[in-house]
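1. sequence plus predicted model, see below.
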Amino acid sequence: MHLDAALHYDRLTEVPDLARAAEAMGFDGIWTHETRHDPFLPLALAAEHTRRIHLGTGVAIAFARSPTVIAYTAWDLAAMAPGRIFLGLGTQVKAHIERRFGMTWDPPVPKLRETVEAIRAVWACWQNGERLNYRGRFFKLTLMSPFFNPGPIPDPRIPILLAGVNPPLARLAGEVGDGFFVHPFHTPRYLREVLIPAIEAGARKAGRRPEEILRVGSVFVITGRDEAEMQQARELVRAQVAFYGSTPSYRRVWALHGWEAIGEQLSALAARGRWEEMPAQVPDEVLEAFALTAPPEGVWERLKATYEGLLDRVILYQPFRLQDRALWERILSGRR
C-alpha cells in the first residue's frame, strides 16, 4: 500500500518546494484537488522539480471541460513525467456544474463513460495515428488535423481514475476506468460493503479482473504533536465531515450506519447557511467511523490495519504544508 500526500498551497510559486519536500521525505505520490485552484498547473511544476514521485489529480472536474481539453493537458503532463501521471476525474454535483462552472448538467454516469471513451479516442489518434471518429450521445469528436496533433509520447500510459461516493460511479470505474478514487467522505465499512463490491461487479461485467482496478482513497486522520494539536485536528475533521455530509446525494453513507437523521439535519442547516452549527451535529462516535486517530508515529500502522486490502494507495486528507514538516517527518518515520 502506497502513502501519498495532498498538496496544499496558496500560490503556485510554493509548489516546487512542496513537491521536492514530499519526494525527499518519502511520500510515494502527491495529489491536487480542484477547489480554489486549477488542479493541473501545480502538477506541471511538480513534474519539473521531481524525478520519482507519482503525480495525480484528486480530482479534476470532468464536466467543467471538454474531453479534448482534458486529453491535451494530461498528454503534456505525461510527456513531462513519463509513467508518473494519474488522471483522476470526478463529476461534481449539479449545483456546482450549473452555477459555479456555467455548464450543462447531464446524467453523470453515461456522460462520464463517454468522457473516458472520448479521451482515449483522442489519445489513440495522437499515439497510433488512428482516425478520430468518436460519436456518442454527449460528445462527437471527428476533427484532428496534423496542425493540432501533438503526436506520440514515449510512455502513453495515463491511468484514468473515476471518483465517486455512490455505487453507480464505482461500477463505472470497474467497467471502463483504470481505477476508482474513493471520496474522503466514506467509512471503511462503506468501502468494504458498498463500493468495492460495486467496482468488482463493474469489472466482471466488462470481462475484466477486479484486481486490475486500482483503488485510491483520501482518508481523514486525526493526529498532532501534542494534545492541543490533536484536539484542533479533531475539530477540523469534524467540520469537514459535517460539510461533506450535508450533500444530499451522499446520504447512502449515512444510511448504511443508520445515521440518516444526521445527514438530513446537516442538509437543512446548509440550506439555511448555518455552517457554524453543522459540526456539532457530528458526535464523537460518528467522527470515529470516518477518521483514524493516532499519534504521528502510529499513523502508518493504523492506516495499514484499516485499509490494507481495501486501498492500493492512501492519501492523507490533511494538507501537506512545509510549516508542518516536523509533524510529517514523525508520521513518515512510522514506515521505516
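-> Looks like it came in fine.
2. tell me which element Gly88 is part of?
-> Here Gly88 sits within strand 85-90, counting by DSSP states H and E.
3. which strands and helices sit next to that strand?
-> Of the remaining helices and strands, those touching strand 85-90 by 3 or more Cβ pairs under 8 Å, 6 or more residues apart in numbering; DSSP states H and E are strand 29-32, strand 54-57, strand 60-61, helix 67-80, helix 108-128, strand 160-164, strand 179-182. Yep, even glycine has a C-beta here, placed from its N, CA and C like the rest.
4. could you pull up the mean pLDDT of it?
-> What strand 85-90 shows for mean pLDDT is 99.
5. quick check: next helix or strand after that strand?
-> Assignment by DSSP H and E places the next element after strand 85-90 at helix 94-99.
6. picking up where we left off before, select, out of the helices and strands packed on strand 85-90, the one closest to Gly217.
-> Closest to Gly217 of these is strand 179-182 (Cβ to Cβ; 3.4 Å).
7. hang on, Leu3 in a strand?
-> Yes: assigned with DSSP: H, G, I helix; E, B strand; the rest coil, Leu3 falls within a strand.
8. and it, what are its bridge partners?
-> Under the criterion DSSP bridges, Leu3 forms beta bridges with Val314.
9. tell me the pLDDT of it.
-> pLDDT, Leu3: 98.
10. also Arg336?
-> 80.
11. got it, and Arg192?
-> Confidence score, pLDDT, at Arg192: 99.
12. identify the residue nearest it in space, chain neighbours excluded?
-> Leu310 (6.1 Å; Cβ to Cβ, 6 or more residues apart in numbering).
13. gap between His186 and Pro154?
-> To Pro154, His186 is 36 Å away according to Cβ to Cβ, to the nearest Å.
14. quick revisit: so which of the helices and strands packed on strand 85-90 is the most packed in?
-> Comparing those by mean neighbour count (mean count of other Cβ atoms under 10 Å), strand 179-182 comes out on top with a mean of 28.
15. and that strand, what does it pack against?
-> strand 85-90, strand 160-164, helix 167-176, strand 214-222.
16. show me which residues of the last one are buried.
-> Counting neighbours by 16 or more other Cβ atoms under 10 Å, one finds that the buried residues in strand 214-222 are 214-222.
17. swap in the longest one?
-> Neighbour counts using 16+ other Cβ under 10 Å place 167, 169-176 of helix 167-176 among the buried residues.
18. much appreciated, bye for now.
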